[in-house]
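[1] quick one, what's the 3D model for this:
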Amino acid sequence: MATAWHLKSRPIAMPAHENFELKDFAQTPMGDSTIRVANTWLSVDPYMRGRMRDVKSYVPPFAIDEPMQGGAIGEVVESNADGFAVGDMVQHMAGWRDEAVIPAAEAQKLSDLGIPVQSFLGFLGMPGMTAYFGLLEVGQAKEGDIVFVSGAAGAVGSTVIQIAKAKGMTAVGSAGGADKCEWVKSLGADDCIDYKAEGELLDKMMAAMPNGLDVYFDNVGGEHLDCAFAVANPGARFAECGMISGYNSMEPMEFRYIMNLIGKGIMMKGFIVTQFMDRMAEFHQDMGAMLQAGKLRSQETVHEGLDSQVDAFLGLFTGNNTGKMLVKV
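    Take a look at the predicted model:
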């Protein structure tokens, strides 16, 4: 019998343990072109909070009292599909559980790049693709640009910092706490703002970027976004990846400097990583080259055991992760 986390009730504001339930469920029977995967690594990501709301969005909401889904890596333990053998390591979206029976078409075999397999849930997976295309395609970042990244100690933000530096840009991050800021700077960031330290965020941003910003990679929204309007150079591009500061808030966002959007000709564009899935080979080629050149490294915050999945997820909203948050089953 497989075990999975189920959504027990829809959270109103900040999710809590009582919104989730870990229990056995009847696994889908094996059929033609299916594989059975024993999950070894599970991902938690901020976007999952949106799937807990019963609203129309780019991805369907989680169903009440049904197993939840998310990124996962595991080993094929049974196969009825051509091209997949027992022992193959695969990536798929049937996470939040210890075992999954899925159509082989919904799994991708992992390339042997000589790196830990969980990296395909981090800087070589969806967070890495989000950083890569968000910065270079949506933000139109180029050599010489000044790039500001909020949430710079997270899985996406830390990858943006490294790509920006690898491509010849100035990179400034924002993170919560001195230790996280030092880690972001160790990745090559030219500076990192501790937004939790005493002082006004706008003053800190203006001091860190006296020549303004050309690209803002937004993971946070809220006050960071508002201040970015004030610091932005004419023609700045804002890549709107996420607004985690508002995911669990019932209060409306307020902006003092948003009128700069007009006067400075700022371009703002939201995006979803799935828009770029047909360009995965391009992403892997360029990121692989940066990896081989020693320009990329990752850090993970790992929770042990399936029963720790909710703790890992909630930790995303309280700053408990540096780099990619993962669960090792």
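[2] could you check the distance from the most centrally placed residue in the chain over to residue 94?
    By CA atoms, centre = their mean, the chain has its centre lying nearest to residue 127, at 4.1 Å. Per CB to CB, to the nearest Å, residue 127 is found 19 Å from residue 94. For the C-beta atoms, the positions are set from N, CA and C on the backbone; glycine is no exception.
[3] equivalent analysis for residue 75, please.
    14 Å.
[4] which of these two has more neighbours?
    The residue with more neighbours, out of residue 75 and residue 94, is residue 94; 24 against 15, by other CB atoms under 10 Å.
[5] residue 258 contacts residue 230, correct?
    No: Residue 258 is beyond contact range of residue 230, at 9.6 Å (criterion: CB atoms under 8 Å).
[6] domain ranges for this structure, per the record?
    2-122+298-328, 126-274 (automatic domain parsing).
[7] pick the most buried one from those.
    Across the domains of the chain, averaging neighbours per residue (mean count of other CB atoms under 10 Å) puts domain 126-274 on top, at a mean of 20.
[8] pull up the distance across that one, start to finish.
    Start-to-end span of domain 126-274 (CA to CA, to the nearest Å) is 9 Å.
[9] and what of stretch 237-252?
    Note: stretch 237-252 ends 24 Å apart using CA to CA.
[10] hey, where'd the helices end up in the stretch 201-329 of the chain?
    201-208, 222-231, 260-263, 280-292, 309-315 (DSSP state H, counting those that start in this stretch).
[11] go ahead and name everything in contact with the third one.
    Identification of contacts with helix 260-263 by CB atoms under 8 Å, 6 or more residues apart in numbering yields 229-230, 232, 266, 268.
[12] just those residues now: which is nearest residue 184?
    Of all those, residue 184 sits closest to residue 232, with 20.9 Å by CB to CB.
[13] and for the helix or strand of the chain with the lowest mean pLDDT, what are the contacting residues?
    When each helix and strand of the chain is scored by mean pLDDT, DSSP states H and E, helix 280-292 comes last, with a mean of 89. By CB under 8 Å, 6+ apart, the list of residues contacting helix 280-292 from outside reads 111, 113, 115, 123-124, 128-129, 132-133, 162-163, 166, 276, 296.
[14] would you format these as JSON lines with distance to residue 217, secondary structure and pLDDT included?
    Supplementary listing: the contacts of helix 280-292 in JSON lines, determined by distance: CB to CB, whole Å; DSSP: H, G, I helix; E, B strand; the rest coil; pLDDT from 0 to 100:
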{"residue": "111", "distance to residue 217": "27", "secondary structure": "coil", "pLDDT": "82"}
{"residue": "113", "distance to residue 217": "25", "secondary structure": "coil", "pLDDT": "76"}
{"residue": "115", "distance to residue 217": "24", "secondary structure": "coil", "pLDDT": "83"}
{"residue": "123", "distance to residue 217": "15", "secondary structure": "coil", "pLDDT": "88"}
{"residue": "124", "distance to residue 217": "19", "secondary structure": "coil", "pLDDT": "89"}
{"residue": "128", "distance to residue 217": "13", "secondary structure": "helix", "pLDDT": "94"}
{"residue": "129", "distance to residue 217": "14", "secondary structure": "helix", "pLDDT": "95"}
{"residue": "132", "distance to residue 217": "11", "secondary structure": "helix", "pLDDT": "98"}
{"residue": "133", "distance to residue 217": "11", "secondary structure": "helix", "pLDDT": "98"}
{"residue": "162", "distance to residue 217": "12", "secondary structure": "helix", "pLDDT": "97"}
{"residue": "163", "distance to residue 217": "10", "secondary structure": "helix", "pLDDT": "97"}
{"residue": "166", "distance to residue 217": "15", "secondary structure": "helix", "pLDDT": "96"}
{"residue": "276", "distance to residue 217": "15", "secondary structure": "helix", "pLDDT": "95"}
{"residue": "296", "distance to residue 217": "16", "secondary structure": "coil", "pLDDT": "89"}
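[15] got JSON lines for these, with distance to residue 21 too?
    Below are the contacts of helix 280-292 laid out as JSON lines (distance: CB to CB, whole Å):
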{"residue": "111", "distance to residue 21": "36"}
{"residue": "113", "distance to residue 21": "37"}
{"residue": "115", "distance to residue 21": "35"}
{"residue": "123", "distance to residue 21": "32"}
{"residue": "124", "distance to residue 21": "32"}
{"residue": "128", "distance to residue 21": "32"}
{"residue": "129", "distance to residue 21": "32"}
{"residue": "132", "distance to residue 21": "36"}
{"residue": "133", "distance to residue 21": "36"}
{"residue": "162", "distance to residue 21": "38"}
{"residue": "163", "distance to residue 21": "39"}
{"residue": "166", "distance to residue 21": "43"}
{"residue": "276", "distance to residue 21": "35"}
{"residue": "296", "distance to residue 21": "38"}
